[in-house]
Every structure is written in C-alpha cells, then in structure tokens.
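Student: fold the following, please.
(2 chains)
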Amino acid sequence: MLKAQNRLGLVFFPAFDWAISPTHPEREERLLYTQDQVIEEGLLDIEGIIEYRPRLATTRDVERVHVCVPDVKSRTTESHLIAAGGAMVAAEAVIKGEVDRAFALVRPPGHHAFRIVHGARGFCNINIEAIMLEYIRQQYGPKRVAIVDTDCHHGDGTQDIYWHDKDTLYISIHQDGRTLYPGSGFLHEFGGPNALGYNLNLPLPPGTGEDGFLYALDNFILPVLEEFKPDLIINSAGQDNHYTDPITNMRFSAPGYAKLNDRLKPDIAVLEGGYSIEGALPYTNVGIILAMAGLDYSYVREPDYAPAKVSQPAEITQYIADLCRQALNAWRNREEIAAKLRSGQEKVQRHRRIYYDTEGLLETQTETTLICDACAGLSWIDSCTDQGEHILAVFIPRSSCSRCYEEGYKIFEQTPKQNFTHLYLQDRLKDILLYR
Amino acid sequence: MLVGLDMGGTHTDAVVIRDAKVWRYTKVLTSPHNFLESIQSALKEVLAGIPLDNIRRVNLSTTVSTNAIVEGKTAPVGLVLEPGPGLNPAFLACGRHNYFLSSAIDHRGRETAPLKEEELREAASAFRQRKIGHLAIVGKFSPRNPAHELAAAEYFKKDFPHLTLGHRLSGRLNFPRRVFSAYFNAAVADTYRSFAQAMMSFCSGNKITAPIYILKADGGTLSLETSREMPIETILSGPAASIMGALALAPTNDDAIILDIGGTTTDIAFLAGGAPLLEPQGAFIAGRPTLVRALLTRSLGLGGDSYTRVEGGGLRLGPQRHGPAMALGGPQPTPTDALLTLERINIGDPEAARRAMKLLGLQLGLGVEDVAEQILRQFACQIAVAVESFLKEINSRPVYTVREVLEDKKINPTHAIAIGAPANALAPYLEETLKLPVKVPELAEIANAVGAALSRVTAEISLQADTEQKVLLVPELGLKETIPASFNLATARGRALNLIRERARQMGAYPEQLEEVEITEEQSFNMVRGFWTSGRNIRLKAQIKPGLETIIRR
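Tutor: Below is the predicted model of the structure:
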C-alpha cells in the first residue's frame, strides 16, 4: 500500500448544508465533486494521511483578530466558525507534531475579511488564516510566519490584518487589481510604517500561464522566503487561477498547483477561492494533497488539459520577469525605504473607503498608527458606514511596548462615547476585546 | 428451528435454536486440512435425531475464503484497470498480470476518453498467454457510469468465463478499494464455488432441505446460491457472528462495548443505541482495504493463551501465543494459568498452573497468588487502554455538515458485554479498569454460533440520480435508466425503497424482511451552471434494516 512521505493532516469541511444564497458560487455544491474525487482516489486510506474532525472557533478566537460590528454573533454563521475552527485543528496538528503538514479544505473562505468587520466582502466574513495563526501564537508562543496567498484575488483582508506586523510576512500573487476584484494589491502596498517591506504584492497580468506562476515562485517568492527564514509557511490556497475558473482570467492548472505546492512546501495550506467546481477543484485539490504528502502527482491532470490552455505569450513572460525584479529589489531595500518614510514622524494616518460587495455596504476608515521602534505600534481606526454605524476601534498589538499599551487605554477610555455607536479595544497582551 | 454454525480456527460450534431458546449445541475441533469435514461433522452431531423438516434455515459462518487468501490458495487473476487521471496507479497492480486502459470516466460519470478496442485485444492476448482464467475489470468512477466496465466485459466474456466487475460489488466510491475487492472476489472464486457445491451435495445427501445462508462480515447473511457470485462477501464473518451472538444473548438499546475474549486475541466492538457500528468504508483483507461491508472491530493481541513473561522488570502479556496454558500442557505461562491458580476457572492441572506463576514470581519477588492477581489486573488494564483509544478514534471521526458539527454526536458506553471462554472469570477485573458494569451472558462460549443462527439477510443499494444528464443509476443492481427533469428527492426515495426490495430478493431475503427497508443516507444538491439551476444531483442509500431473527429468552 501507499505511504505518504510527509504525514499530512486533512480537515475536510465541505459544509454541505450551507450557502450564501442558492445560486451563489459559495453554495452547498462547491466541494461536492472535490469530495467525490478525493474519496474515489482513496486518498484517506493512504498511510500517513490523517483526517481530522473540525470544531467551532469561539468568539474569543474571532475577537483575537477582528472587531465585528456590533459583535461576532451578528457577523458570522456557524459555517464561518467551523471553517476557522477547522483551520485551527489543522494547524494544531502540525504544531503538536502529530503530522508534518496540514491542509484545511474548508469553506467559506476568509482572505477578504479586514480587521474591522461590518459584513461580508468577496464571500468572506472572518479571516480563516489569521484566526488560525493568532490562535497558534496565543497557545504556542511567538512565531515568525510567512503567509503566501496564491488565490487569484488579492487577499486585501489578510494584508490589512498584518499591515503593521513584521513577524508576519504577507506575500500575495494575484490577477492585477486593475482587472479584477478587489482592485488592490499593487507593488507600492508595502506594509505600514513599523513593518515596511513585510507586505509584498505581485499583480500578475490576465492570461498568466503555468510558466508565469512558477517563474514568480522561483524568482520572487522563494528568494524572499529564503531571506525571511519563517518558522512556519502558510499557503492561502485559492484555486481560481485555473484556466476554467468562471470569474477570473488566468491560465493555471492542476499539475501547476501541485508543482507550486511541492516547491513552496507550506506547513499549512488553507483553501480560499476557486469556483470551477467540476473542471478544476477535484483535480487541483488532489494535486495539492499529493504534493503536500510527498506522493507522486505526475498523473494528476484535468481531462481536457492541453499545453495550449496553459501557455502565455512572450510579452507576459517578459512583463512578469520585470515585475519580479522590481518586487525583489523593493524587498531587499525595505530598510532604506522605511527609514526615509519614518524620519521625523511620530504617527501616520491613512484614509480608506472599503466596499462590502456582498452586502452593498460602504465603509470609510481613518487609521492612525504610532511610529514605534519597540513594537508593532498602536493603531486606532475611526470607521463609519453608510448604514449608520460609527465606531472607534483601538488595536494594541501582541508585542506592545508599555508606551503604546498605556496610550491605547487612554484613547479607549477618554474618547467621548456620544460621538460613536460603539467603542472597542483589542488588547492582545491580555487577549481580550473590550467594548464601551 | 434455526441452525447456526461458526467455523473458527480451533473449534467449530453449532447450535439449534427453538422458540427463542438454545435447544442444543455442540463444539468440535476444526480440522485444519478439511473444513468441509469439520462443518459436516458438527452439523451431523447437532442435528442427530432431529426431524429435519422442522429446520427453517441453516446459517453458516466459514473461513473458506479468508483461509484461501491467507494461505495463498487463490487462482491467478488478470486485472483490467481504467485508472484515469489522479494517483499513480502502479500500487494497484496486484494481479498476476495487470493491464491499464487509457480510457476514462469522470466524477459525474461522463466519458472523458473513449474505450479502445486495440487495448482490450492486447490485454486479452496477454492474459491468454499467461493462462489466466479469472478477470477483474475495474474503472475509476465506474459506479457513476459502468459503461466501460460493461463493454470490456462484453469483449472478454467469450474467452474468459469468470469475470468480476467492480461496480457490481459496491456503489460506494473508492477506486483502490474497488480494485482490491474485485481482485479478491476473482481470486477466491474457484475455492469458494467448490466449497458451495460440496455443501449443496452434502445437504441433499443428508435430506436437509432448508435453505442455506452464509454469514457476512456485516453481521448479516446472503443465500448460498447468491454467494457463489460474490464470494468476497463471505469473508471475515467470524467476528461478526460473535458480535451478533452477544447482541442476541444480552440485548440492549444503549451504547455498549462488546468484548470477545479468545485464546489469542480479544476483539473489541461498539454498539450505538444497541446497533453495532460498521466500518466507515469496508473491511481490510490481508492488509488491503476493500469495500466489503463489515462490522467495526479491532483485534487486540491478548487472550487466555497469551505468552506471559517478565521483561524489563515488569510483566508483559502477548501479543504472541506459544501454545496452550501450562495447565493444559503448554510451554509457557499464560493468563489462563493465572485464572486457574486463583481458582476462577476449573480446567487443567492446578499444580502446573502454580508452577507457571512461581516461574514469574521468582523474577518479580512476588508470591504465586500475587503474580496471578497482577497478571489479571494487567490483562484488564490493556483491554481498557485499547477500548479507550478505539473509542477516541471513533468519536473524532470527521463530519461534513454544519448540523453534524453542532450535534457533536458521540458514543458513550453504559456497560460492556463480554463473551468468550475466560469472560466470566475476568469480568470483575474488567469492571475495575473499564469503570463500567460488565455483563457476561449465559452461553457466552457459544455466542458465535448463536449469532450465526439468528442473523438475517442484509443488503444495501446506492441510488444516484442526475437530472441534468437525466440518468438514474443503481450499480449494485446493474440498473441504468432515463429519468425526467422533474425527478426529485421524494420520487427518488420511493424508487430506492422499491429497488432495495428487489436487491433483497436477489440476496435471498425472507418475505417479512421486504417490508423492513429504510433509507440510510440522502443528499440532494442543486446544480447551478451560470446563474441558473441546471439540475439536481441526488444520492441515496437504502438497506434492509439489520438485526436479529429473535433475541434469546432465558
């Protein structure tokens, strides 16, 4: 019988009784054919592949990452909590050494969920990977972590959550935001003033083929990881770069995803998007599982796979090579760039408008961050929506120094309540979320 | 009157049950070289002087197929596999010769690469050259569309009379398990058929006219006639017979542990609300996973005859057996010697048993009774540890819906039922380590034969309907028909209940069982393409309600 070279933990949660709406891409049927393929392949009988039962993430697990407005209960369903809890189970199996790697095949996805949650964006309510990672850090101590997001859409939520965190390197490759939701993820989105250079985006042109993805991996992602030296690599394993995906314009494939995973060697992979439920997902997921387990994936391919479907024109090859060079240069010069940006400043402010496509809601944010050499820096966000919410959320980071800590409480306690519908303080040192 | 017989490695037990009571029973030594003779002598003995017309049924649990596989007395098999894209299929090549087709079917049952006649021709000539008579033909996703398996069978049937088709063995998905199931089915076909033939002649020669049924690993039976087509179903029926016997002798509606304590091993099983749990996918045969429906059991290398010695300053029990207890002339100390020393059983030579305890006592610095006591406590302790880890595994099985995660259903045993020769003597020790009441029913030593006698026909079908492709399939019945777009879950339920009756008749079910059918799983998914619902994907499983003919009255 077959034996996995790497012991692999699997959490499979297709949520066969949950949908955003009956005809939404995020519906009951989404992982049906994937499950059929995984079972028919007999992957769960392979020695060393172990399936785990998911559990519910708790309110505290969610509040460690998010400020849900007005509260967690109003912004999540059980399926969201199980998707997050499933990822937590997968990661915990790796940390405890029960398995070498783990893959959480859960739905719904999460990488468009920001720190503040007023509703659903891009099919996401809460950020699965971030909830998983912060749970692991809370339980098992600090970790230097790289999140590599290979979903076709820019993971703007994950970027937002780790914007100020030097210990979490976020790298996203995705279809250029000028041509696809959510419209962000450019080179210059490079991290906050206290973590400049630890947020890396590589916006790939529509039509990028197998070669383009693997080139970006070999010539950008892997060299950066080599220098960052993470304790853990997490892959946000969206599968919508596939040539059959109905809502994107890329030309990646199941063999390509398997190769990418084999070279990236993530400790933990978490499914994100991917909506070609018959033509892609059954094959991409089998490919990823085999690659993670260290098994032969050379027989994995789509029934209609052909080189012409995954090729790219020479201009794209050239464009991607230039892009990788620029991005790698920026990463290597991050300290000079940061010094220039920070010099003489005490705090920085940014203003943003965030659109919640699923609910048709518009949020306006002003975020202020203290420049700090001792920690990730205190941040507070003044956020209002066109539905009448107006909140203030103060974020004291995991690594907070005493100045930022005290300043955070001062702002939370001294801000007059009458101007806001809700006031929140996320205190990561005490691992609590306070409301006023 | 119902007759039950269980042939084990050491003993063959037979019982006659009348009016829900064990009326007669017998135990003969199994002759390792002549199974047929063991069965026949046990039957003759237990039926001696009984008016044979009063027998309603004879149920047999045999190890004929199991032994053929374990001892390698199998026919050479040619495998014709259609693996499609996915895993490297090389590990499936368990036949004498293996041919991989390049055609393929996908998860929806659509042909993605056509069958090629030249490949079949090439395969046939390779099989002929190697003088292979039995073929197993198995395709990936064949339960979703058996067309390629059927077409290949059509091609091979004139030259190869013995064909096993993957989709007919089970409607469940799992290609490697389907391959191994089909392989074993083909491999034991000759041995099993000659056994079946001999049984039929024996019965007609001895004026036994009652129908004969064969035990299966799922605690049910099928008719001797039907078993000739699917001999693989007769495998591993021994542990199932014991579990069904325990249920008949100590019926319950609660969650419970069943322990069958034998000479070499202790088998552990669980009841959920009084019903035995099934293996989630199927039994393991000779280390290979299959789709054969089986009761969920775990075998622990610990029994009355386990080799008992001192190692690293402590006692060690099993997993080896080096012969019977010293009290019965064996070479090494065993738990049975400990039981005799403490006068909890009354077989063999007590002096020899004490000598065994003394041997161990010298090494541990303990008296004879203290050693015996410690062995039994450790025996019970090892069982409790195994029960706990097995239970933990069962209770952490994955689930796939929000509802099931929220329910978080778990098995929570209220008591244990122990059977097997040393069960009674060990019960107080087990109560201590399991921290649960332990019931040892009367006649526990022949529970296996009682279980065999009282088991009933079981059968299952998988119905799949795809209203976009307008196809309904029941692989186990070889049924494929066209359905209208309006076909829905309610129609599917009615159809499945009718079809399970048809399957039940095929398997030889008793008339009253045809009313005892049920749907066990159902799923219906809207298929959406673009922004419209293009059809429904419906999946149902139906079965005859499993259970016993009767429970044993005191």
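Student: these two touch, right, B:Gly8 and B:Thr30?
Tutor: Yes - applying Cβ atoms under 8 Å as the test, B:Gly8 and B:Thr30 come out as touching, 6.4 Å apart. Heads up, the C-betas are built off the backbone N, CA and C, glycines and all.
Student: between those two, what contacts are shared?
Tutor: Shared contacts of B:Gly8 and B:Thr30 (Cβ atoms under 8 Å, 6 or more residues apart in numbering or on different chains): none.
Student: got a list of what the residue of the stretch 101-250 of chain A found nearest chain B touches?
Tutor: Residue of the stretch 101-250 of chain A nearest chain B, by Cβ to the nearest Cβ: A:Pro246 (8.1 Å). Residues near A:Pro246 by Cβ under 8 Å, 6+ apart: A:Pro25, A:Tyr275, A:Ser276.
Student: what's the burial count for the nearest residue to A:Asp427 once chain neighbours are set aside?
Tutor: In space, and not counting its chain neighbours, A:Asp427 is closest to A:Ile396: 4.9 Å by Cβ to Cβ, 6 or more residues apart in numbering or on different chains. A:Ile396 has 26 neighbours, counted by other Cβ atoms under 10 Å in any protein chain shown.
Student: looks like A:Ile396 contacts A:Leu378 (just checking).
Tutor: Yes - if you go by Cβ under 8 Å, A:Ile396 and A:Leu378 touch, sitting 6.2 Å apart.
Student: for B:Asp370, give its distance to chain A.
Tutor: Using Cβ to the nearest Cβ, to the nearest Å, B:Asp370 is found at 39 Å from chain A.
Student: and for B:Gly330?
Tutor: Using Cβ to the nearest Cβ, we find B:Gly330 at a distance of 36 Å from chain A.
Student: in three-state terms, label that residue for me.
Tutor: Put simply, B:Gly330 is coil when judged by DSSP: H, G, I helix; E, B strand; the rest coil.
Student: hang on, A:Gly408 is in a strand, isn't it?
Tutor: No - looking at A:Gly408 with three-state DSSP, it is helix, so not inside a strand.
Student: quick check: pLDDT value at it.
Tutor: For A:Gly408, the pLDDT comes out at 98.
Student: OK, contacts around it?
Tutor: Contacts for A:Gly408 (Cβ under 8 Å, 6+ apart) come out as A:Leu378, A:Trp380, A:Val394, A:Phe395, A:Ile396, A:Ser400, A:Leu425, A:Asp427.
Student: one more: A:Gly183?
Tutor: Contacts of A:Gly183 (Cβ under 8 Å, 6+ apart): A:His154, A:Gly177.
Student: before we move on, what SS does it have?
Tutor: coil.
Student: gap between it and A:Tyr355?
Tutor: According to Cβ to Cβ, to the nearest Å, A:Gly183 and A:Tyr355 sit 9 Å apart.
Student: got it, and B:Ala449?
Tutor: Distance of B:Ala449 to A:Tyr355, computed by Cβ to Cβ: 73 Å.
Student: who has more neighbours out of these two?
Tutor: B:Ala449 (34 against 15).
Student: need the three-state assignment for the residue most central in space within chain B.
Tutor: Geometric centre of chain B, nearest residue: B:Ala217, 1.8 Å, by Cα atoms, centre = their mean. Classification of B:Ala217 using three-state DSSP returns coil.
Student: now do the same contact list for it.
Tutor: B:Glu233, B:Ile235, B:Leu236, B:Ser237, B:Pro239, B:Ala240, B:Ala283, B:Val292, B:Arg293, B:Ala294, B:Leu295.
Student: just the ones of these in strands?
Tutor: Among those, no member is found in strands (DSSP state E).
Student: tell me the two of the residues you listed that are most distant?
Tutor: The span of the contacts of B:Ala217, defined through Cβ to Cβ, is set by B:Glu233 and B:Pro239 at 14.9 Å.
Student: and the closest residue to B:Val70 other than its chain neighbours, how many neighbours does it have?
Tutor: Residue nearest to B:Val70 in three dimensions, not counting chain neighbours: B:Ala286, with 6.6 Å by Cβ to Cβ, 6+ apart. When neighbours are counted by other Cβ under 10 Å, B:Ala286 registers 13.
Student: in terms of contact, does B:Ala286 touch B:Asn67 like I think?
Tutor: No - using Cβ under 8 Å, B:Ala286 makes no contact with B:Asn67, being 11.1 Å away.
Student: who's in contact with the single nearest residue of the stretch 1-150 of chain A relative to chain B?
Tutor: Going by Cβ to the nearest Cβ, chain B is nearest to A:Gly42 of the stretch 1-150 of chain A, at 3.8 Å. Listed by Cβ under 8 Å, 6+ apart, the contact set of A:Gly42 reads B:Leu87, B:Asn174, B:Phe175, B:Pro176, B:Arg177, B:Pro289.
Student: SS state for the nearest residue to it once chain neighbours are set aside?
Tutor: Sequence neighbours aside, B:Pro176 is the residue nearest to A:Gly42 in space, at 3.8 Å (criterion: Cβ to Cβ, 6+ apart). Per three-state DSSP, the secondary structure class of B:Pro176 is helix.
Student: my read is that B:Pro176 contacts B:Ala93, right?
Tutor: No - applying Cβ under 8 Å as the test, B:Pro176 and B:Ala93 come out as separate, 11.4 Å apart.
Student: neighbour count: those two, which is higher?
Tutor: Each of B:Pro176 and B:Ala93 has its neighbours counted (other Cβ under 10 Å); B:Pro176 has more, 26 against 14.
Student: list the buried residues of the helix or strand hosting A:Leu10.
Tutor: Assessed by DSSP states H and E, A:Leu10 sits inside strand A:3-13. Buried residues in strand A:3-13, defined by neighbour count with 16 or more other Cβ atoms under 10 Å in any protein chain shown: A:Ala4, A:Arg7, A:Leu8, A:Gly9, A:Leu10, A:Val11, A:Phe12, A:Phe13.
Student: what about chain B: which of the residues you listed touch it?
Tutor: Restricting the buried residues of strand A:3-13 to those within reach of chain B (Cβ under 8 Å from any Cβ of the partner chain) leaves A:Val11, A:Phe12, A:Phe13.
Student: what residues does the stretch 51-200 of chain A have near chain B?
Tutor: Going by Cβ under 8 Å from any Cβ, the residues of the stretch 51-200 of chain A near chain B are A:Glu51, A:Tyr52, A:Arg53, A:Pro54, A:Arg55, A:Leu56, A:Thr77, A:Glu78, A:Ser79, A:Ile82.
Student: name the residues that touch the lowest-mean-pLDDT helix or strand in chain A?
Tutor: None of the helices or strands of chain A scores lower by mean pLDDT, DSSP states H and E than helix A:334-342, at a mean of 92. Here helix A:334-342 makes contact (Cβ under 8 Å, 6+ apart) with A:Phe190, A:Pro193, A:Leu196, A:Gly197, A:Tyr198, A:Ala330, A:Ile371.
Student: could the residues you listed be laid out in a markdown table, adding neighbour count, secondary structure and pLDDT?
Tutor: Shown next, in a markdown table, are those (neighbours: other Cβ atoms under 10 Å in any protein chain shown; DSSP: H, G, I helix; E, B strand; the rest coil; pLDDT from 0 to 100):
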| residue | neighbour count | secondary structure | pLDDT |
| --- | --- | --- | --- |
| A:Phe190 | 21 | coil | 97 |
| A:Pro193 | 18 | coil | 94 |
| A:Leu196 | 21 | coil | 96 |
| A:Gly197 | 20 | coil | 97 |
| A:Tyr198 | 24 | coil | 98 |
| A:Ala330 | 16 | helix | 97 |
| A:Ile371 | 16 | coil | 96 |
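Student: is chain A contacted by the helix or strand harbouring B:Asn98?
Tutor: Taking DSSP H and E as the criterion, B:Asn98 maps to strand B:97-100. No - between strand B:97-100 and chain A, judged by Cβ under 8 Å from any Cβ, nothing touches; the nearest distance is 10.6 Å.
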